[in-house]
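A.B. asks: Got a sequence here, can you build the structure:
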Amino acid sequence: MDNPVGGSIDISIRSYDEQILEAYGSLFPDDPQKLPELLDWRFQANPHGPAKFAVAAAHGEIVGMIALVPTRLVGSKARMTGYQAIDTVVHPSFRGRGLFVRMGAAAQDSEKLGGGLLWGFPNANAARGWYGHLGWTNLGGVPLLMRPLRSGFLLGKVHPKLRSIDFPLVGNRNGQAQVYADGRSFAKDFGPLWERVSAEFCIAVDRNGEWMRWRLFDKPGENYRCVGLKSGAGDLECFVATKIAHKHGARICYVMEAIGIAERRADLTNLLAAELSRAARDGAEVALAWCPRTALNRVAYRKAGFVPVPPRFRPIEINFGAKSLSGQGATKTSDWYLSFLDSDTN
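C.D. replies: Numbering: from 1, shown residues only. You can find the predicted model right below:
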């Protein structure tokens, strides 16, 4: 890609198209998370709406972009369409020209975007731009929790040779949960559960049945384990979703979501513990989760053995920030409900 001296660069808000798909290939070379089927799923099939992009183009060629994923936000403090900013990138040949700030400013034009809130999880490089130049509120690090599942994970931190001393740190538990294999039946069951629990939150991405089906069952290449407990009348009342992946030098069980009605928090704890036991038997060394300190389901995580991870011990820096484009929306970390379902990389 050439870098014409003095060439003009146009900034615009665009919809997903073939040119943006091609740009992903050049701006994110060899990234397995940017395959065409995954991009189509994320940007075109989202039940909350099609994605938009803040794009920088030189002579008709895309040299930078920010993907803006629509997220319908619900809760006692917000009910609006927001956009999650992800995949911020500028081609190396065009860095140093302020393109990130120009694209970010375009993304925050509420008339062009059509949303009331811009938010996301910027890495260390992007955080400087969002917070320092574009007026985002820094909501701190993501609320990361950890539960060691096998001894080798902890002993390996002491000395690499001790990693071979490996045994489960959770007892055997065999839950009686329903395992969901069909997205349609899951969506039908989860929708009413979400209606019951969503009133607890000040602001959260609307996890209705269709969105959850899209997120957990329709994503290409993923295999999430989804389990639930029902009432005698057949209503879903507790739900846990997990996946096991090798990342950051360990075999990790990601708890994508663990949620239930208030009357069955003890059952949610037991369901979560049973899934952790299963993950440990399957070789997972540690479990990770996102859950804010103020969320009611935090109690279930605590009783299942999860502890907060201080920022200095985290494998990578993930910040959390937002900017209201309408004068509404939460500006405190405690206002938000988050889980790994909100992450664009899990």
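A.B. asks: Any idea how many residues pack against Y254?
C.D. replies: Counted with other CB atoms under 10 Å, the neighbours of Y254 add up to 21. For every residue, glycine as well, the C-beta is placed using N, CA and C.
A.B. asks: swap in G120?
C.D. replies: Around G120 there are 27 other residues, counting by other CB under 10 Å.
A.B. asks: Leaving out the residues flanking it, which one is nearest to G183?
C.D. replies: Here the nearest residue to G183 in space, its sequence neighbours aside, is F217; by CB to CB, 6 or more residues apart in numbering that works out to 3.2 Å.
A.B. asks: Would you list the phi and psi of the one you found?
C.D. replies: The main-chain torsion angles of F217 are listed as degrees, to the nearest 10 and equal phi -110, psi -30.
A.B. asks: do the same with P148
C.D. replies: Backbone geometry at P148, expressed as degrees, to the nearest 10, gives phi -60, psi 140.
A.B. asks: which ones are touching the residue nearest to G183?
C.D. replies: Residues counted as contacts of F217 (CB atoms under 8 Å, 6 or more residues apart in numbering) are D182, G183, F186, Y224, C226.
A.B. asks: could you redo these as a markdown table and give each row pLDDT?
C.D. replies: Shown next, in a markdown table, are the contacts of F217 (pLDDT from 0 to 100):
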| residue | pLDDT |
| --- | --- |
| D182 | 94 |
| G183 | 96 |
| F186 | 98 |
| Y224 | 98 |
| C226 | 98 |
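A.B. asks: where does the stretch 151-300 of the chain dip in pLDDT?
C.D. replies: Scanning the stretch 151-300 of the chain for pLDDT under 70 picks out the ranges 154-155, 159, 162.
A.B. asks: What is the distance between stretch 266-279 and the centre of its chain?
C.D. replies: In terms of CA atoms, centre = their mean, to the nearest Å, the gap separating the centre of stretch 266-279 from the centre of its chain is 22 Å.
A.B. asks: Kindly format the C-alpha coordinates of the helix or strand containing L118 as CSV.
C.D. replies: Using DSSP states H and E, L118 falls within strand 117-120. Taking C-alpha atoms only, strand 117-120 is exported to CSV below (Å, rounded to 0.1, in the frame of the first residue of the first chain):
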residue,chain,number,x,y,z
LEU,A,117,-23.7,5.9,23.4
LEU,A,118,-20.3,4.7,22.1
TRP,A,119,-18.4,2.2,24.3
GLY,A,120,-15.8,-0.5,24.3
